[in-house]
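Peer 1: model the following, please.
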Amino acid sequence: QKIERLKAELHLLDAAGSGRGRHLFFVDTEREAQEFDIATHLDTVPELVDRVYNRPTIATLQRETVKGPTDPAHLKKLAQQRKNQYDLLRQRIEREKAMFVISQKIQTRKDLLDKTHKVKVKKETTTGPAIYKFKFQRKR
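Peer 2: Purely as a prediction, here's the structure:
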């Protein structure tokens, strides 16, 4: 539940390892490509072009003030907090995977306690339990 809550909170917008999102802008000539200005095309100020999400337009900035932190020190602190939250989410996901593998191994050991004939098909690894093939026995 905590994993789902963290995913809902973070939205995985700028997760490390997810790669940078790319906008593709198509132009007709090579000259247009040389003179292309991203800020004018997106109708925003050049300082906000790097924002991947919540990029306000010039008209919005004229109507309203920028909400949220604007000074670089506070932005850096928020970025560090967001990075810590993503690290916590990654650790929880890895822990959940490890717990699932452990529960599979425990279930395999419980299944081995019965007296039916079984053959080991695959050895136990760190990512999965040993796999056994059991002899079919009809229930009476």
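
Peer 1: quick one: secondary structure of the closest residue to residue 105 other than its chain neighbours?
Peer 2: Counting by Cβ to Cβ, 6 or more residues apart in numbering, residue 105 lies nearest to residue 129, which is 4.3 Å off, once chain neighbours are set aside. Backbone N, C-alpha and C define where each C-beta goes, glycine included. Following DSSP: H, G, I helix; E, B strand; the rest coil, the label given to residue 129 is coil.

Peer 1: pLDDT of the host helix or strand of residue 87, averaged?
Peer 2: Per DSSP states H and E, residue 87 falls inside helix 72-111. In this model, helix 72-111 has a mean pLDDT of 90.

Peer 1: tell me the strands beside whichever helix or strand comes after it, with direction?
Peer 2: Later in the chain than helix 72-111, the nearest helix or strand by DSSP H and E is strand 118-122. Using DSSP bridges, the strands paired with strand 118-122 in its sheet are strand 131-134 (antiparallel).
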